[in-house]
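**Q** What follows is a predicted structure for the sequence shown.
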Amino acid sequence: MTWAKGAAMADEGRVARRRAHVRSRILEVARELIEERGIDAVTIDEIADAADIARRSFYLHFASKNDVLVPVARARTKEINARIDRRVAEFDDPARVMATAMRYTLRLFSADPLCSWFVLHSGLPHQRLQEGVGESAMRDAARGVEVGRFQIANQEIVRTLISGAFLAAMSARVEGRIDDGDLDDAVEHILRLLGVSVIDAQELAHEPLPAMRAAPRAVFRSGKAIPRAEAPRR
């Protein structure tokens, strides 16, 4: 390798690192502004000012405000889902795991503007819900089927019905048409759809929810969200 080629590669590496740093900074300040003022109130100019970049530099990284919101909101959604996963990991009964996880998810996603926007308004709702909680939900459902707790004749149909019920309940809660008690009723019916007995479904969907500690927010590195506990020190 010639000296000139090596220098050029080093320059390219520095440029890439600089771009990644600026992108991460944009995502960080966008989240801070949105959490402080709300999604609709924040403008691209304000994000650029807070990130200490020119407006034209913003467009080198993102095509629109929506392009910033999606990764920020996706990270927030996954962050909450990870907290729920940790909270229900102590339960042995797959039905209790599913019931508790759904009750937390419906409450927390509905109450969080970034999560509710991501799931309900940033794209196709069923796809966004799958991105946010799909892996955990499929894992929990598969475990329930494996041990005989859930009775599912047609998994694709049941998954579609549950997703639709979840989205409808979440949308109604965000709009204020139902309360948390109604969310628990929705979870009860979803459990019955999975083959859980009426008595068990009623009990699991309405028992007191265990307390769950708030978790530190994720940080962005190279434009990707990393849980703060895993994030390297600067």
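**A** Sure, I can see it. Numbers count the residues shown, from 1 in each chain.
**Q** Please make it C-alpha for all contacts and neighbour counts, starting now.
**A** OK.
**Q** Can you report phi and psi for residue 122?
**A** Here is the backbone geometry of residue 122 (degrees, to the nearest 10): phi -90, psi -10.
**Q** Need the nearest residue in space to it, chain neighbours excluded.
**A** In space, and not counting its chain neighbours, residue 122 is closest to residue 70: 6.9 Å by Cα to Cα, 6 or more residues apart in numbering.
**Q** now swap in residue 91 and tell me
**A** Of all residues not flanking residue 91 in the chain, residue 97 sits nearest, at 6.1 Å (Cα to Cα, 6+ apart).
**Q** Next: residue 183.
**A** That would be residue 169: by Cα to Cα, 6+ apart, it lies 6.5 Å from residue 183.
**Q** domain ranges for the chain?
**A** 8-62, 76-206 (automatic domain parsing).
**Q** how far does the last one stretch from start to finish?
**A** Counting by Cα to Cα, to the nearest Å, the length from the leading to the trailing residue of domain 76-206 is 27 Å.
**Q** I'd like the average pLDDT over that domain.
**A** For domain 76-206, mean pLDDT is 93.
**Q** and if you look at the first one?
**A** Taken as a whole, domain 8-62 has a mean pLDDT of 84.
**Q** For the residue nearest the centre of the chain, give its distance to residue 111.
**A** Geometric centre of the chain, nearest residue: residue 77, 1.5 Å, by Cα atoms, centre = their mean. When distance is defined by Cα to Cα, residue 77 is 12 Å away from residue 111.
**Q** and if you look at residue 118?
**A** Separation of residue 118 from residue 111 (Cα to Cα): 12 Å.
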